[in-house]
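>>> Structure of the sequence below:
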Amino acid sequence: MNAVLVAGGGPAGSAAACLLARAGREVTLIEREAAPAHKICGEFLSREAQLYLARLGVDLPALGAQPITHLGLGRGRAMTVAKLPFRGMGLSRRRLDEALLQRAAQTGVRVLRGRTIRSLSVTGGAVTLAVEGMEPVRAATCLLATGKHDLRGARRRLARAADDLVGFKMHLALAPDQRVALRGRVDIAMLRDGYAGLQLIEDGIATLCFLVNRARLRSVGEGWSALLASLQRESPHLGDRLSGAMPLLARPLSIFRVPYGFVHEAAADDPPGLFRLGDQMAVIPSFSGDGISMALHTGFAAAAALLAGGGAAAFHADMRNTLARPVRLASALYHFGSWRLGPWRLGQSALIGLGRLAPAVLQAATGATRVPEAALQPLLAGS
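Numbering: from 1, shown residues only. This is a model prediction of the structure:
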C-alpha cells in the first residue's frame, strides 16, 4: 500500500507531492497527461502564487513568465486602467505544470504519467483508485487534485446547480502594435453574459479566455470564428486587440458548467484519508486571477497538515475558513457586473465608473479576492 497517493499533477497536487517527498514521505502522483499539455486557465500568477512557486524552486523568469502590473477593466470601448497592488506574471499552464512535475520527480515523487483515473472508492479505511491500464492503487491517504473535473466516487457536493456557462481559451499571436499595447496589462472586457480576459504569457503569446452563456453559442452557431466575431462586435476594445491576431492552437479549449463559487464543506461521511485540493476544495470565479494561488495554497496546507498528523476533516474546515470569504467576494463582484442582476449594463457601468473615479476601489477589490496574508505566511515559513 502506498503511503500517500496524489490524484492529479496540476499546481495543487504537484506542490503537495513535492513538499511531502522533501520531508521524506513516500508519494505516488498519478497524472492523466503523458506529455506537456494545455489546460483551460487564465494563466495569471498573483503575488501569492509566485511566493509559493519560489518555495518549490520554480524560477518563473527563467520559464519566460511575463510581468503584469496593471488591470484594464472595460465594456464596449470604455476602459479603466488601474495599477495592481502587486506585480502579477503570465505563464502558460503547459509550461508551469511541466516545471512542477519535474520538480516533483526531482524531490523523489513517483510520478506516473499518461494514466487516467477512472474512479475512487473507500474500503476498510483505505482509498482505492481505479487506474486505466494498471492494477488498482491503494493508500491510507489520498490527495484529490483533479482540478475542475470530478472523479466518479468522489464528486463535489454542490449547493446549487452550476450556471449554464461555457468557458473557452485560445493562444494567439497578436499584431505587433497590439502586443506592445498589452504589455504589462491584463485586460478584462465585461460582456452581457460573461467576460473575456486577455494577457501576455511567454514568448510574446497572448492568452484569451472568456466565459459566456450557452445561449450565445446557440445564437451565433458553434464555429469559433462566429463566436469570436460576436465578442469583437460587443467589445470594440477587444476587437482592436484581436485585429490581425493569429490562433496558435488547432482549436480552442473549452469547459462547461464550472461550479464557480463552490467551497467544500466537511460532512460526517467524508473519508478520513481523502484531502480535497485546488478546485476540488474551492472554485473562485476565474476573472479574479487567484485560482492558481488558491490551488497552491491548498497543496501547501495539505502537506503541512499531513506532516503534523492532522486529518482531512480539520484540513477542510481550515480551508473553508480561509477561502470562503475571497470566493464569496469574487462571486459577488461577478454577479454584480453580470446580466443576472439586470439590467446588466447598470452593474457593469457602476464597476467601471467606480474604477475610473477611484482606482483604489479596483485595487482594494483585487486584494480582497486573494488568499489572506495571515494564512499565507505560516505555510511559507514552514516550507
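>>> going forward, measure contacts and count neighbours with C-alpha atoms only.
Fine.
>>> Now do residue 213: how many residues are near it, please.
17 (other Cα atoms under 10 Å).
>>> how far away is it from residue 330?
To residue 330, residue 213 is 19 Å away according to Cα to Cα, to the nearest Å.
>>> Check residue 308 too.
32 Å.
>>> the more surrounded of these two?
residue 330 (25 against 9).
>>> tell me which element that one is part of?
Using DSSP states H and E, the element containing residue 330 is helix 312-336.
>>> Kindly report the same for residue 87.
strand 78-90.
>>> That strand: partners in the sheet, and parallel or antiparallel?
Next to strand 78-90 in the sheet, as set by DSSP bridges, lie strand 44-45 (antiparallel), strand 66-75 (antiparallel).
>>> helices and strands around the very next helix or strand once past that strand, which ones?
Note on strand 78-90: by DSSP H and E, the next helix or strand toward the C-terminus is helix 93-106. Contact partners of helix 93-106 among helices and strands, from 3 or more Cα pairs under 8 Å, 6 or more residues apart in numbering; DSSP states H and E: helix 11-22, strand 110-113.
>>> Out of those, which is closest to residue 376?
Comparing those against residue 376 with Cα to Cα, the closest turns out to be helix 11-22 (14.5 Å).
>>> State the next helix or strand along the chain beyond that closest one.
From helix 11-22 onward toward the C-terminus, using DSSP H and E, the following helix or strand is strand 27-31.
>>> Which residues outside that next one are in contact with it?
Applying Cα atoms under 8 Å, 6 or more residues apart in numbering, the external contacts of strand 27-31 come out as 2-9, 13-14, 17, 20-21, 108-117.
>>> let's go with 10 Å and repeat that
When contacts are defined by Cα atoms under 10 Å, 6 or more residues apart in numbering, strand 27-31 is touched by residues 2-10, 13-14, 16-21, 101, 104-105, 108-117, 129, 131, 137, 139, 141-143, 145-146.
>>> and if you look at stretch 170-182?
38, 40-42, 68, 70, 72, 92, 198-201, 203-210, 240-254.
>>> then it to PDB, C-alphas only?
Provided in PDB are the C-alpha atoms of stretch 170-182 (Å, rounded to 0.1, in the frame of the first residue of the first chain):
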ATOM      1  CA  MET A 170      -7.100  30.300 -27.100                       C
ATOM      2  CA  HIS A 171      -3.500  31.200 -27.500                       C
ATOM      3  CA  LEU A 172      -2.900  34.000 -30.100                       C
ATOM      4  CA  ALA A 173      -0.100  35.800 -31.900                       C
ATOM      5  CA  LEU A 174      -1.200  39.400 -31.700                       C
ATOM      6  CA  ALA A 175      -0.400  42.100 -34.200                       C
ATOM      7  CA  PRO A 176       2.900  43.700 -33.200                       C
ATOM      8  CA  ASP A 177       1.300  47.000 -32.200                       C
ATOM      9  CA  GLN A 178      -1.400  45.300 -30.100                       C
ATOM     10  CA  ARG A 179       1.200  43.100 -28.400                       C
ATOM     11  CA  VAL A 180       3.100  46.200 -27.400                       C
ATOM     12  CA  ALA A 181      -0.100  47.900 -26.100                       C
ATOM     13  CA  LEU A 182      -1.000  44.900 -24.000                       C
END
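>>> Turn the helices and strands packed on helix 93-106 into a markdown table, columns for distance to residue 152, mean neighbour count and mean pLDDT.
A markdown table is the format used below for these (distance: least, Cα to Cα, whole Å; neighbours: other Cα atoms under 10 Å; pLDDT from 0 to 100):
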| stretch | distance to residue 152 | mean neighbour count | mean pLDDT |
| --- | --- | --- | --- |
| helix 11-22 | 18 | 28 | 98 |
| strand 110-113 | 20 | 18 | 97 |
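>>> Now distance to residue 312 too, for the ones you listed, in CSV please.
Listed next are those as CSV, based on distance: least, Cα to Cα, whole Å:
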stretch, distance to residue 312
helix 11-22, 14
strand 110-113, 23
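>>> between those, which gets nearest to residue 271?
Going by Cα to Cα, the one of the helices and strands packed on helix 93-106 nearest residue 271 is helix 11-22, 18.3 Å.
>>> separation between the spatially most central residue of the chain and residue 42?
Centroid-nearest residue in the chain: residue 291, 3.4 Å away (criterion: Cα atoms, centre = their mean). Distance, residue 291 to residue 42, by Cα to Cα: 9 Å.
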